[in-house]
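structure of the sequence below:
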Amino acid sequence: NTSSRFLLQTMPPPHIHLFEFYSGLGGWHQAFSLLCQQNQSKDTPKEHNTNKRHSLPQPNDKECHNEEDRLAPITKLSVVKAFDINVHANKAYKHNHPHVRIDSTNIEHLKVAYFDGLIRKALRPQMSSSGGEIHLEHDKTEDNLLVWSLSPPCQPFTKGGRQQDINDTRSNSFAHLLKNILPNLETKPDIVMVENVKNFELSQMRHLLLSTLKQCGYTFVEEFLACPHTLLRWPNERKRYYLVACLKRPDSSRHDIDKSSHEDLAKAPHSKSCPFSENSSTSEGYGFSHHKQFFGSDPAELRRHLNTERDTHQLLMEKTLRTNKSLHTFPPKSIGDVLLSEEHLGEDISSLLVPCEVLQRLGERGYNFDVVHSSSVSSACFTKGYGCPANKFVKGSGSLLATSNVHLLCATTSDTDDDKRYISDWKTLRKLTLRRFHSVEIARLLGFPDDSFAFTTNSNQQQCSKLLGNSIHVQVVAIMILRGLFLYATAT
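Residues are numbered from 1 along each chain as shown. Below you'll find the model as predicted:
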């Protein structure tokens with residue numbers, strides 16, 4: 001950790017040129033922005049959420065001291081282009097980042113020449129004039145890193161999606177990028193990062209992903225199953241698969257790195273073995289210079305491995321508290337820290353209440369509702385199904401909030417965990433005045449900062465919840481980005 005801390009603090013902060021595939025609400029953009037010195041104010045949403053308790057300031061806040069600014073590991077973020085076919089997600093992305101170009105074309109129809117052109121234009125030195133002379137702007141202390149972030153459709157790897165894996169048509173666009181685009185690019189991305197659901201690590205698609213990375217010269221690869229609650233004590237369970245891969249370039253002399261960094265990698269704890277399916281390959285079969293998997297059930301092992309990244313994240317959060325006096329608590333410690341007041345909920349509260357007939361119908365069938373309250377320190381993973389109509393409820397789509405008679409939970413839990421309450425007795429359920437979480441509350445549970453993320457004022461609550469159910473956890477992704485920067489510095 002001493003070596004990795006040295007790398008993160010002494011390597012020249014890079015200028016990130018980001019290709020955000022399957023961009024959705026722009027979660028990857030948000031995560032990169034958290035780590036960036038120059039988070040452009042022009043991309044701040046016009047309409048902010050009404051409750052500012054968890055808002056993050058812009059990292060270039062005038063009140064920041066120079067020493068604190070150096071905490072930011074990225075000097076500048078440029079989103080080359082975002083890619084998504086969902087018109088509602090693109091509308092929300094554009095609302096928060098109006099200057100980012102979004103391509104809604106099906107990725108399967110895009111050619112390698114198109115990406116080559118985008119990359120050449122993004123990495124071309126900017127022209128400027130001074131004293132009648134035209135010259136190229138070039139900051140020798142700045143590294144230009146080309147990064148791909150990908151959150152491909154998760155349905156092919158879920159039980160609800162029938163786990164058709166690589167044979168699911170929804171996997172076609174990701175397969176196209178891996179088979180036809182990445183291997184044939186003139187300039188390949190320095191860092192590739194992937195996020196998907198748990199079970200992706202057992203898929204044939206993962207095998208295609210790792211095989212392609214090896215073919216394309218990526219030598220440093222790490223894979224994780226990480227949950228915001230166990231990794232950051234964030235009050236939400238959203239275990240996801242993450243991959244970070246770094247390319248070792250022939251001219252990799254841009255950083256003067258202490259050789260102990262490689263020793264640090266060698267001494268890093270090895271992950272526990274993971275049961276693979278018949279169609280999945282183990283790490284030994286790919287031949288990477290560095291390949292670690294953290295698929296085991298011991299969260300302490302993962303926290304140790306990402307200790308420096310977690311510390312850096314914590315320092316950035318502490319900086320946030322010092323520079324934004326409107327903060328109440330960040331990160332949130334409990335469910336109560338993300339809740340909107342009744343005043344701010346306004347007319348939306350009636351549409352969030354769960355009808356008694358829904359509770360009775362599912363309760364009589366023995367379904368255990370996941371019920372939390374303001375003092376709970378965790379909540380279930382929210383899925384797209386959470387945005388279903390009010391007279392329905394999709395099983396396993398997310399937690400419900402008890403707003404009255406919370407004391408009854410202690411006598412009705414069917415789980416040994418004092419925090420999680422699984423209840424099927426509909427007569428008890430109706431006494432709790434259960435409601436769904438508002439989209440603003442879900443966004444906070446997923447780590448979206450209030451100051452840089454908001455839906456438009458005329459957004460439909462159901463649609464917002466659906467979009468958030470398909471999104472990423474911003475804070476965990478920020479940790480993975482930090483890990484990617486360290487691996488890249490080590491690889492080069």
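
so where do the helices sit in the stretch 51-200 of the chain?
66-69, 87-96, 112-123, 172-176 (DSSP state H, counting those that start in this stretch).

which of those sits closest to Val476?
helix 87-96 (19.6 Å; Cβ to Cβ). For every residue, glycine as well, the C-beta is placed using N, CA and C.

what are the buried residues along the closest one?
88-96 (16 or more other Cβ atoms under 10 Å).

need those residues in JSON lines (columns: pLDDT and distance to Trp28).
As requested, the buried residues of helix 87-96 are exported to JSON lines (pLDDT from 0 to 100; distance: Cβ to Cβ, whole Å):
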{"residue": "His88", "pLDDT": "95", "distance to Trp28": "18"}
{"residue": "Ala89", "pLDDT": "96", "distance to Trp28": "13"}
{"residue": "Asn90", "pLDDT": "97", "distance to Trp28": "14"}
{"residue": "Lys91", "pLDDT": "96", "distance to Trp28": "18"}
{"residue": "Ala92", "pLDDT": "96", "distance to Trp28": "14"}
{"residue": "Tyr93", "pLDDT": "97", "distance to Trp28": "11"}
{"residue": "Lys94", "pLDDT": "97", "distance to Trp28": "15"}
{"residue": "His95", "pLDDT": "96", "distance to Trp28": "17"}
{"residue": "Asn96", "pLDDT": "96", "distance to Trp28": "13"}
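
just the closest of the residues you listed to Phe174, please.
Ala89 (17.0 Å).

isn't that closest one up against Gly27?
No - using Cβ atoms under 8 Å, Ala89 is not in contact with Gly27; the gap is 10.2 Å.

mean confidence score for stretch 231-245?
Stretch 231-245 shows a mean pLDDT of 95.

list the buried residues of it.
231-232, 234-245.

what about the strands in the stretch 101-250 of the chain?
102-103, 127-130, 133-136, 144-150, 191-197, 218-226, 240-247 (DSSP state E, counting those that start in this stretch).

show me where the stretch 201-350 of the chain dips below the pLDDT cut-off.
The model of the stretch 201-350 of the chain has pLDDT under 70 over residues 249-284, 297, 320-330.

hang on, the earlier thing: for the helices of the stretch 51-200 of the chain, which one sits closest to Phe288?
helix 172-176 (20.3 Å).

which stretches of the stretch 351-492 of the chain have low pLDDT?
For the stretch 351-492 of the chain, the ranges with pLDDT under 70 are 410-420.

paired strands for the helix or strand that contains His17, with orientation please.
Using DSSP states H and E, His17 sits within strand 15-21. Applying DSSP bridges, strand 15-21 is found paired with strand 74-83 (parallel), strand 144-150 (parallel).

give me the contacts around the shortest one.
If I follow you right, that is strand 144-150. Strand 144-150 has contacts (Cβ atoms under 8 Å, 6 or more residues apart in numbering) with 14-22, 28, 119, 122-123, 174, 177, 187-195, 484, 488.
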